[in-house]
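Student: I need the structure of the sequence given here:
(chains A and B)
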Amino acid sequence: MLLDVIGLSFVVALLRGGRIKEFPKFHKLSLLFISIALQAFSALYPPAGGIFVSISYAFILAFLMFNRQFEDMRIFMMGWFLNALAIWTNNGRMPIDLEQAKKLPYDLTPVINGTNFKHSVLTESTNLPFLTDVIYMPSIIPRVISIGDIFIMLGAFLLVQRLMNKPISLLQLREGKNYATKS
Amino acid sequence: MQRKVEFGSTMKKIVVTWIFPLAALVIFYDSLSDWEPREHWGVLFAYTLLTIFSTFAPIRTLNTILTLNNAVIFSGILLFGAWVGVWSAVVETLILAFLIRSNPVKAMANIGQLVLTIWFVGLFKNSIDHVPASTMLMDLLLAVSYWFINIVLCGLGISYFFKTNCFTTVQKMAKGTTLTYLLLMVMAGIGSRLFETYGLYTLVPMMAAFITMSFVFHQYYDSMNKLQQKVEEVKTFNHKFLTAMAASIDARDRYTSGHSQRVAHWGREIAKDIGLSATKVEEIYVGGLLHDIGKIGIEDEILNKKGKLTPEEYDKIKQHTVIGYEIILQAGMFNELLPAIRSHHERIDGRGYPDGLAGDEIPLMARILAISDAFDAMVADRPYRKGLPVEEALQEIKRGSGTQFDPILAEHFIRIVHRLPCEELQSIIGIESIPQKQLQEAIR
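Tutor: Now for the predicted structure:
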C-alpha cells in the first residue's frame, strides 16, 4: 500500500540531498498496533468486519492526534478523517466505484460478493459518494483512490522528507518563506 | 448617538457570530446534493488538487499574504457553479483547521463569509445568465462583485473582531492590497474561458503568468520592505541620537540629570491625552528632549552655582531659550520644534520670557512643555534639596493654572498623574540618565 508513493518520496528526498539520520519517535505507538490488529480481526471474521474497521479508523485518528506536533501527521489526519467519514457512513467499508475498478488488474468478485473486508460496491444508496474510492489513478501502481487518499499521499511524502532529514513545512510555504523547516 | 453605536455593534455580533456560521451550514448542506452526482466527482477531485496547491503557493505583498484560493474558487463558480466554489472553500478551511490551531469562532465566521460570498456570486451569475452581453464582460462584472462582496463581508468580520469602524475598514481594504487579488480574480476569469476552449493546456500559460507575477511582486515588495526597513533604521538612529543629545544637555547641568527625558515623557502623555495625532505626539516628545538645548551656551559656573543667582546671572540663564532657538534655526532641522524651544518659559499671563507672549500666542507645544518642565523641576531631587511630594507639586500647578499655565492643559496633566499607579509614577520621577526602558520607548 502506497509503496510507489513512498518509493518516489524517497527518490525526491535523495535528490534533495537527504539522508536517513534517525527514525522519528512516535507517541502512543500502541494505538497504531491496536488499529492494525483490529483490521486483521475484520479480515478473519468478515461478518463483524465493518465494526472492526470503523473502530480501527478511530484508533488511527487518535494515534495521529497524539503525534500532531508534526505537520505531516496533521495532513495524514485530514486524509484519514475524510476516509473515515466515508467508511463510518457506509457500514464500515469503503465503497469503490466498479466502473473505475474494472480498469484494475485485480479480481473484483470478493468486493462484488460483499466478502471483501475493506471494500464494498458503490451504489445509488452510498452516502457521501464523493469521498469514496472513485478516482482512477493510472500510475505508478494503478489504483482507485478517494479524495482523502490525496492527503494521505501528501502526508506520506512529507513524512519521508522528514525521515530523510529534509523536512518541508507547508505552513512556512504558506507564509511565503523558504519551504524548509529550521529543525 | 451612543444607542446607535451600541445597536450597530450588537447587529455586527449577530451577523458575524451567528448568521455567518449558520449560512455556512445551510449552504454546505445545500451543496452536498450537488457533490453527489457521478459526473461531478472528477471536478471535485481536480479542485481539491487546485485548492491544495493554491493554499500553499502564496503571493507575498507588503504586509499581507495573498493566496490564489479566491481565484480558484472564482474559476470554479464560472465554469461549473457555486457548488465547486463551496467545495474548494470547505477543503481549504479543513486543511487550515487541521494544520493550524485556530479560534473556532473566528474560523466559523471566516468560512461563513467565504461561502456567503460564493453563494451571492452564484446567485448573481444565475440572474445575469440571460443578459445578452459578452461572456467576458459578464465575467469581469462577476469578478468585481465577488471582490466587492468579499471585502464587505470580510470587513464586517474584521470590524467586529478588532472593534473598528465597519465602513472605514472596508474602505481601507478596497484601497489596499485586496486590489491585487481583484487582479488575480480577473485573471482567473480569463483563464476559465480559455480553459473552456483550449482545455487543460490553458494551465501552462496561466501558471507561467502566475509564477512571473508572483516573482515580480516578490521583487517589488521586497524592495519596498527594504526601503521601509531603512526608514525605520534612520528613525531609530535619529531617536538614539536625540536621546544621547538630551542626556548630554542634562549632563552639563549636574542638578538636572534625566530632566529632558522626563519632560519629554510628560509632554507626550499630555499630547496623547488631549488627542493629538501620532506625529504631533512624537514631535512634542522630541521637543521635550531638546527643549533645554540652549543650556549648552550657558557658562558652567552659572549652571552649577550652589547659592542663589544674582539678577545678572538669572538673565543669562534666561538666555538659554533664545540660544537653543538659534542653534536649531541654524541647524535647519527640526524647524517644527522651534516654538517649543523658544517659548517653553512663557506664561499664560504674559509675564514669561523671552518674548512675553500671552494666552494663545504661546504655541501649544510650548504650553504643554511648560507644565511638564515645571512639574519635573519641582518633584525631582536635587543635590541640595529633596524634590517636592507629587501632591504638592500638583497643587502648585493648580495654583499656577490660568496665570503661569494653560488651565485646560493643567487640568489634563493633573488627571494624567492621578491616573498613574504610585509605583509607576515613582519610577518615572526616578529616571536618571538613559534607562533602557525609556530608550526602547523612544526607539519605538
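Student: residues contacting the strand or helix carrying residue B:271, please?
Tutor: Using DSSP states H and E, the element containing residue B:271 is helix B:259-273. Contacts to helix B:259-273, defined as C-beta atoms under 8 Å, 6 or more residues apart in numbering or on different chains, come from residues B:243, B:246-247, B:249-250, B:253, B:280-282, B:284-292, B:365, B:368-369, B:371-373, B:375-377, B:380, B:409, B:412-413, B:415-416, B:428-429, B:431, B:434, B:438. Bear in mind the C-beta positions are built from the backbone N, C-alpha and C, glycine included.
Student: shaky segments in chain B?
Tutor: Flagging of chain B using pLDDT under 70 yields the residue ranges B:1-5, B:61-63, B:254-255, B:383-384, B:431-444.
Student: can you tell me the closest non-neighbouring residue to the residue in the stretch 101-250 of chain B positioned nearest to chain A?
Tutor: Across the stretch 101-250 of chain B, no residue is closer to chain A than residue B:218, which sits at 8.3 Å (C-beta to the nearest C-beta). Distances taken as C-beta to C-beta, 6 or more residues apart in numbering or on different chains place residue B:60 nearest to residue B:218, at 6.3 Å, with adjacent residues excluded.
Student: count of neighbours near residue 163?
Tutor: The chain I'm using is chain A. Neighbours of residue A:163 under the rule other C-beta atoms under 10 Å in any protein chain shown: 21.
Student: hmm, I had chain B in mind actually
Tutor: That count, for residue B:163 with other C-beta under 10 Å as the rule, works out to 9.
Student: specify the local secondary structure of it.
Tutor: coil (DSSP: H, G, I helix; E, B strand; the rest coil).
Student: so what's it up against?
Tutor: Residues in contact with residue B:163 (C-beta under 8 Å, 6+ apart) are residue B:9.
Student: and the longest helix along chain B with helix B:259-273, angle?
Tutor: Determined from DSSP state H, the single longest helix within chain B is helix B:203-252. In terms of direction (axes from the mean of the first three to the mean of the last three C-alpha atoms, to 10 degrees), helix B:203-252 departs from helix B:259-273 by 130 degrees.
Student: by contact count, what packs against helix B:203-252?
Tutor: Other helices and strands packing on helix B:203-252, by 3 or more C-beta pairs under 8 Å, 6 or more residues apart in numbering or on different chains; DSSP states H and E, are strand B:59-60, helix B:178-198, helix B:259-273, helix B:278-290, helix B:436-443.
Student: do you know which of these lies nearest residue A:68?
Tutor: strand B:59-60 (27.1 Å; C-beta to C-beta).
Student: so how many other residues sit close to residue 157?
Tutor: Went with chain A since none was named. 21.
Student: not what I meant, chain B
Tutor: For residue B:157, the count of nearby residues is 21 (other C-beta under 10 Å).
Student: do I have it right that it meets residue B:19?
Tutor: No: contact criterion C-beta atoms under 8 Å: residue B:157 and residue B:19 do not qualify, at 11.1 Å.
Student: got phi/psi on residue 123?
Tutor: By default, I'm working from chain A. For residue A:123, the backbone dihedrals (degrees, to the nearest 10) come out as phi -130, psi -180.
Student: should've been chain B
Tutor: The phi/psi pair for residue B:123 (degrees, to the nearest 10) is phi -60, psi -50.
Student: what does the pLDDT read for residue A:181?
Tutor: pLDDT, residue A:181: 46.
Student: spatially central residue for the chain, please.
Tutor: All of this refers to chain A. Taking C-alpha atoms, centre = their mean, the centroid of chain A lies closest to residue A:152, which sits 4.3 Å from it.
Student: switch to chain B, that's the one I care about
Tutor: Centroid-nearest residue in chain B: residue B:278, 9.7 Å away (criterion: C-alpha atoms, centre = their mean).
Student: ok, what's across the strand from residue A:94?
Tutor: For residue A:94, the beta-bridge partners under DSSP bridges are residue A:119.
Student: let me see the contact set for it.
Tutor: Going by C-beta under 8 Å, 6+ apart, residue A:94 touches A:83, A:86-87, A:118-120, A:132-133, A:146.
Student: hmm, which of the residues you listed is lowest in pLDDT?
Tutor: Ranking the contacts of residue A:94 by pLDDT, residue A:118 lands last with 78.
Student: chain neighbours aside, what residue packs nearest to residue 158?
Tutor: I went with chain A, as the question did not name one. residue A:72 is the one closest to residue A:158 (C-beta to C-beta, 6+ apart), at 3.7 Å.
Student: actually, chain B is the one I wanted.
Tutor: Using C-beta to C-beta, 6+ apart, the nearest residue to residue B:158 is residue B:169, at 5.4 Å.
Student: which residues touch the one you found?
Tutor: Taking C-beta under 8 Å, 6+ apart, one finds B:155, B:158-159, B:162 in contact with residue B:169.
Student: try 6 Å
Tutor: Residue B:169 makes contacts with B:155, B:158-159, as judged by C-beta atoms under 6 Å, 6 or more residues apart in numbering or on different chains.
Student: residue B:270: how many residues sit nearby?
Tutor: Neighbourhood size, residue B:270 [other C-beta under 10 Å]: 24.
Student: now the nearest residue to it once chain neighbours are set aside: phi and psi?
Tutor: Distance criterion C-beta to C-beta, 6+ apart; nearest residue to residue B:270, sequence neighbours excluded, is residue B:368 at 4.9 Å. Here is the backbone geometry of residue B:368 (degrees, to the nearest 10): phi -60, psi -50.
Student: among the helices and strands packed on helix B:203-252, which is the most enclosed?
Tutor: With neighbours taken as mean count of other C-beta atoms under 10 Å in any protein chain shown, those reach their highest mean count in helix B:259-273, at a mean of 24.
Student: figure out how far stretch B:199-207 is from the centre of its chain.
Tutor: From the chain centre to the centre of stretch B:199-207 is a distance of 41 Å (C-alpha atoms, centre = their mean, to the nearest Å).
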